[in-house]
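Colleague: Need the 3D shape of this:
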Amino acid sequence: MSEDQKPLAGRIALVTGATRGIGRASAVALAHAGAHVIAVGRTQGALEELDDELIAAGCHPPTLVPMDLKEADGIDVLGHEIFQRHKRLDVLVHAAGMLGGLWPVAHVAPRIWDQVMATNLTAAYRLIRSLEPLLRQSEAGRAIFLTPGAATQAQAFWGLYSTTKAAVEMMVKCWADEIEHTAVRAVLVNPGPMRTRMRAEAFPGEDADALPDPAEIGPMIVELAAASDLGLPMASLRFSEWKAARAA
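Modeller: Take a look at the predicted model:
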């Protein structure tokens, strides 16, 4: 892909959970589409591997941010640093998440509850709070939140994880309604079952080879990031439907 064919050339894109799974796939796809990626993840080594891969592919060298999103004040610091360096943010992809195990609701340890809430829900709120002003400085700010089917399906032992994701969906929908008259748009994406570590944790006996590789969702993320308008997120966009439509 030549420089003039890259739909996100010159854009600044922040990706959480960028060290593995869907977050990493999103970071790679956005970088190949021309974006300068700010990659946020907990593992320094995995971030450096991403850096090596993108530079070897001729992409813009990413900015690496080793950070645990449970340390919420760090998100404010990150927002300040982005403002100091770039003055704006064009794309946010929030892919980081934590399963926290599958438990009966009455058996969830308070420590685990607090960790999953901090990672899945509070971090999403802090990202919106800290990054909305930067997204508003973009000509077309785009915020993409990954959300699973568990957000809308009541199922035994999924109460902890599903509660956080249902809350994030409602929060993003409310936020999107609040910013309707700005150039910022938010969207919810349901990736469906994918070959990720979290999926393997939840379904250890499943044949992972039968699931889509996270890299397959990369083009969808790029398309949404580059979209002229996304409307309001009345429902999550399903990767399976996007893939079927492109194959038709």
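
Colleague: Give me the nearest residue to P233, chain neighbours excluded.
Modeller: Excluding the flanking residues, the one nearest P233 by CB to CB, 6 or more residues apart in numbering is L188, at 4.8 Å. Placement of C-beta: from N, CA and C, glycine included.

Colleague: Pull up the per-residue confidence for that neighbour.
Modeller: Confidence at L188, expressed as pLDDT, is 95.

Colleague: just R197 next, same as before
Modeller: 89.

Colleague: Shouldn't A123 be within a helix?
Modeller: Yes - looking at A123 with DSSP: H, G, I helix; E, B strand; the rest coil, it is inside a helix.

Colleague: In space, what's closest to it - neighbours in sequence excluded?
Modeller: L69 (3.8 Å).

Colleague: now the one you found, what's its secondary structure?
Modeller: Here L69 is recorded as coil under three-state DSSP.

Colleague: List the buried residues for the strand or helix carrying the residue nearest to P233?
Modeller: Assigned by DSSP states H and E, L188 belongs to strand 185-190. Using 16 or more other CB atoms under 10 Å as the test for burial, strand 185-190 gives 185-190.

Colleague: What are the boundaries of the helices in the chain?
Modeller: For the chain, the helices defined by DSSP state H cover 21-32, 44-56, 73-86, 110-116, 123-136, 159-178, 197-202, 218-226, 239-247.

Colleague: do you know which of the ones you listed lies nearest P104?
Modeller: helix 159-178 (7.7 Å; CB to CB).

Colleague: Other residues contacting the closest one?
Modeller: Residues from elsewhere that reach helix 159-178, judged by CB atoms under 8 Å, 6 or more residues apart in numbering: 97, 99-105, 108, 112-113, 116-117, 120-121, 124-125, 128, 132, 143, 145, 147-148, 150-155, 185-186, 188, 232-234, 236.

Colleague: ok, of those, which come out buried?
Modeller: Among those, those classed as buried by 16+ other CB under 10 Å are 97, 99-100, 102-103, 108, 113, 116-117, 120-121, 124-125, 128, 132, 143, 145, 147-148, 150-151, 185-186, 188, 233, 236.

Colleague: Identify the residues contacting R126.
Modeller: R126 sits next to 69, 72, 75-76 when contact means CB under 8 Å, 6+ apart.

Colleague: any idea how far it lies from I12?
Modeller: Distance from R126 to I12, counting by CB to CB, to the nearest Å: 19 Å.

Colleague: likewise D90?
Modeller: Where I12 is concerned, D90 sits at a distance of 5 Å (CB to CB).

Colleague: E180 too?
Modeller: Here E180 is placed at a distance of 23 Å from I12 (CB to CB).

Colleague: Kindly report the same for G34.
Modeller: According to CB to CB, G34 stands 11 Å off from I12.

Colleague: swap in H181?
Modeller: 23 Å.

Colleague: swap in L78?
Modeller: Distance of L78 to I12, computed by CB to CB: 12 Å.

Colleague: With T122 instead?
Modeller: 24 Å.

Colleague: Between those two, which is the more surrounded one?
Modeller: Neighbour comparison, T122 and I12: the larger count goes to I12, with 22 against 18 (by other CB atoms under 10 Å).

Colleague: Now do the same for the residue of the chain positioned farthest from its centre: its pLDDT.
Modeller: The centre of the chain is farthest from one residue, A106, which by CA atoms, centre = their mean lies 29.6 Å away. You'll see A106 listed with a pLDDT of 96.

Colleague: Look up how far Q155 lies from it.
Modeller: From A106 to Q155 the distance is 16 Å (CB to CB).
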